[in-house]
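J.: Please work out how this folds:
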Amino acid sequence: MPTVLVVSSSPSEKSKTAALAQYVTDHLSSISMDTRHLRLRDLPPAPLLRADTSDPAIAEAAAFLKSADGVVLVTPTYKASYSGLLKVFLDLLPQYALTGKAILPLATGGTLAHALMLDYALRPVLHSLGARHSVQGHFVIESVIDPASPELITEQRYRDMLADVIRQFNGAVNYAEKAA
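T.: Numbering: from 1, shown residues only. The predicted structure is shown next:
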């Protein structure tokens with residue numbers, strides 16, 4: 001069974017980004033993937049900022065990422081870029097930490113004007129970490145996310161687009177697992 005790490009990088013305890021990450025985690029689990037949701041905000045801040053991989057929580061997060069067949073990175077958009085929390089986490093990883101893994105970058109934000117952040121800010125960092133099986137990133141506008149709704153994504157076309165990128169990611173994970 002393929003393993004997937006879903007990394008939520010919102011610093012807020014209750015956020016639409018975290019809700020989206022949990023939605024993706026639940027969806028991947030329902031299609032027979034061993035999925036774990038890592039909330040970066042729950043990692044100890046001092047060891048995270050020092051890139052102290054000897055800290056048990058940081059070491060566990062890095063080890064799960066290392067063993068995962070796929071990684072979903074879910075970030076809010078701040079100032080046309082991904083969260084600083086995600087940057088700190090990516091900085092503590094070894095240079096080729098994403099080699100051989102399927103990657104799905106997801107972002108949330110208030111306006112579609114920030115959608116290109118995935119390609120211009122996040123994708124170069126992922127490539128520098130060795131990501132080569134990166135599924136097309138997907139931006140979800142916050143106005144269609146309702147954590148109180150049973151569907152989470154309130155508009156059908158946005159649900160369909162998200163389902164499509166998750167389907168592509170599933171194919172990439174299964175390909176990466178077989179290639180390993």
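J.: Setting aside sequence neighbours, what's the nearest residue to Gly110?
T.: Among residues not flanking Gly110 along the chain, Glu142 sits closest, at 5.4 Å (CB to CB, 6 or more residues apart in numbering). (C-beta placed from N, C-alpha, C; glycine too.)
J.: Tell me the bridge partners for Ile103.
T.: Beta-bridge partners recorded for Ile103 (DSSP bridges): Val71, Ser134.
J.: And the pLDDT for it?
T.: Note on Ile103: pLDDT of 96.
J.: Do a quick rundown of the helices in this protein.
T.: In the chain, the segments counted as helices under DSSP state H are 16-30, 45-49, 56-67, 84-92, 117, 123-128, 156-179.
J.: before we move on, back to that, confirm for me that the residue nearest to Gly110 is in contact with Ala19.
T.: No. Contact criterion CB atoms under 8 Å: Glu142 and Ala19 do not qualify, at 10.3 Å.
J.: more crowded one of those two?
T.: Ala19 (21 against 16; other CB atoms under 10 Å).
J.: who's in contact with the more buried one?
T.: Shown in contact with Ala19 (CB atoms under 8 Å, 6 or more residues apart in numbering): 145, 147, 152.
J.: TSV for the residues you listed, including distance to Leu106?
T.: Below are those laid out as TSV (distance: CB to CB, whole Å):
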residue	distance to Leu106
Ile145	11
Pro147	16
Leu152	13
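J.: so which of the residues you listed comes closest to Ser128?
T.: Taking CB to CB as the measure, Ser128 lies nearest Ile145 of these, at 29.5 Å.
J.: Can you give me the pLDDT of the closest one?
T.: pLDDT, Ile145: 97.
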